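**Student:** pasting the structure only:
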């Protein structure tokens, strides 16, 4: 039951885009086409699902104060938490490199469409935010951290696909010239953020 609550909450209530506005650079730039948004959404979800639990285990067994006591009682006083940011980023960058190679091999068209935004997943603040929120929430085990990573990734995926679908439709609308492109996208994002606040009333 706890895992289900974390999963639903991470998608709808604590949505990375609509609640925290994380990952906005690629969200704005890639949400012009549903097909491209779907591809990037899958990549982000995969990276987040893999890196959040891995970073959880690294923190629990290596980085946090006293985590190295499993090696030797003498290591109980060692505190490597100052390395948290650089280690989390290294793990994320490694998985992004893996995703980039897979996409380039099996879907060259999508690889070309995503362009620079595929390797930039490594610095997508939504993914780093997932690992830092995981650390803040202090989950009881790696399984719950995995559920949180999967839900957060799906939430970001859902957000960019919704925006891409709307932007494809408004292509045929009479949008004022000054608001075309990022302007109207930011306005719609704000409205969607308010709409997603409805889910905060769900009792979990």
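**Tutor:** Everything's here; your move. Since the structure is predicted, the reported quantities are computational estimates derived from the model, not experimental observations.

**Student:** Return the residues in contact with residue 64.
**Tutor:** Residue 64 sits next to 79, 80, 81 when contact means C-beta atoms under 8 Å, 6 or more residues apart in numbering. (C-beta placed from N, C-alpha, C; glycine too.)

**Student:** at 10 Å what do you get?
**Tutor:** Residue 64 makes contact with 58, 79, 80, 81, 84, 135 under the criterion C-beta atoms under 10 Å, 6 or more residues apart in numbering.

**Student:** got it, and residue 66?
**Tutor:** By C-beta under 10 Å, 6+ apart, residue 66 lies in contact with 75, 76, 77, 78, 79.

**Student:** can you pick the most crowded of those?
**Tutor:** In terms of neighbours by other C-beta atoms under 10 Å, these top out with residue 78 at 15 neighbours.

**Student:** Against residue 84, how distant is the residue lying closest to residue 43 once chain neighbours are set aside?
**Tutor:** Closest residue in space to residue 43, ignoring its immediate chain neighbours: residue 99 at 5.0 Å, by C-beta to C-beta, 6 or more residues apart in numbering. Note on residue 99: its distance to residue 84, by C-beta to C-beta, to the nearest Å, is 23 Å.

**Student:** any idea which helix is longest in the chain?
**Tutor:** The longest helix of the chain (DSSP state H) is helix 142-170.

**Student:** From the contacts of residue 64, list just the buried residues.
**Tutor:** Buried members of those, scored by 16 or more other C-beta atoms under 10 Å, are 58, 84, 135.

**Student:** Which of those residues sits closest to residue 24?
**Tutor:** residue 135 (21.8 Å; C-beta to C-beta).

**Student:** Distance from stretch 69-78 to the middle of the chain?
**Tutor:** Relative to the centre of its chain, stretch 69-78 is centred 33 Å away, using C-alpha atoms, centre = their mean, to the nearest Å.

**Student:** Average pLDDT for that stretch, rounded please.
**Tutor:** Mean per-residue pLDDT for stretch 69-78: 86.

**Student:** residues in contact with it?
**Tutor:** 61, 62, 63, 65, 66, 67, 68.

**Student:** Backbone dihedrals for the third one, both of them.
**Tutor:** Main-chain torsions, residue 63, degrees, to the nearest 10: phi -90, psi -40.
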